[in-house]
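>>> Need coordinates for the below:
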Amino acid sequence: MSNQFLARICIVVLVIFQTLTEQRQMSSIPKTMKAVVVTANGPASNLKVENSWPVPQLKAGEVLVRNQFAGLNFIDTYFRSGLYKRETPFVCGQEGGGEVAATTP
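Numbering: from 1, shown residues only. Here you go, the predicted model:
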């Protein structure tokens, strides 16, 4: 994979366009986000940039983060390649940094 391709992936993984400083109703969170998705195990060409991927629904005790930075780590490549089993499709980017967008009790 080229450095340019990896940089592009890091920028687009899991971007949510709302910033919250306290708990808000889920209706203020966008319904979709931009994400890099693995649709089938295999080579890096199986990574797809999705511009309208559904934002995860929060369950009790979870936090939704608006990533400002995201990256792919070795675990992402292991899941993508099929070395570690995971149901597809799934969103890549096991690491990132940003702001808390929503919380649940």
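>>> how close does residue 29 sit to residue 102?
Distance, residue 29 to residue 102, using CB to CB, to the nearest Å: 6 Å. The C-beta positions use only the backbone N, C-alpha and C, and glycine is treated the same way.
>>> which residues are common contacts for these two?
Common neighbours of residue 29 and residue 102, using CB atoms under 8 Å, 6 or more residues apart in numbering, are residue 64.
>>> Which residue ranges of the protein form helices?
Counting by DSSP state H, one finds helices in the chain at the ranges 3-12, 74-81.
>>> Where among those is average confidence lowest?
Mean pLDDT across the helices of the chain is lowest at helix 3-12; the value there is a mean of 47.
>>> so what's residue 57 scoring on pLDDT?
Looking at residue 57, its pLDDT reads 87.
>>> can you offset everything so residue one is 43?
With 43 as the first residue, the last one maps to residue 99.
>>> For burial, what's the neighbour tally of it?
10 (other CB atoms under 10 Å).
>>> partner residues bridging the closest residue to residue 97 other than its chain neighbours?
Distance criterion CB to CB, 6 or more residues apart in numbering; nearest residue to residue 97, sequence neighbours excluded, is residue 75 at 5.1 Å. On the basis of DSSP bridges, residue 75 is bridged to residue 95.
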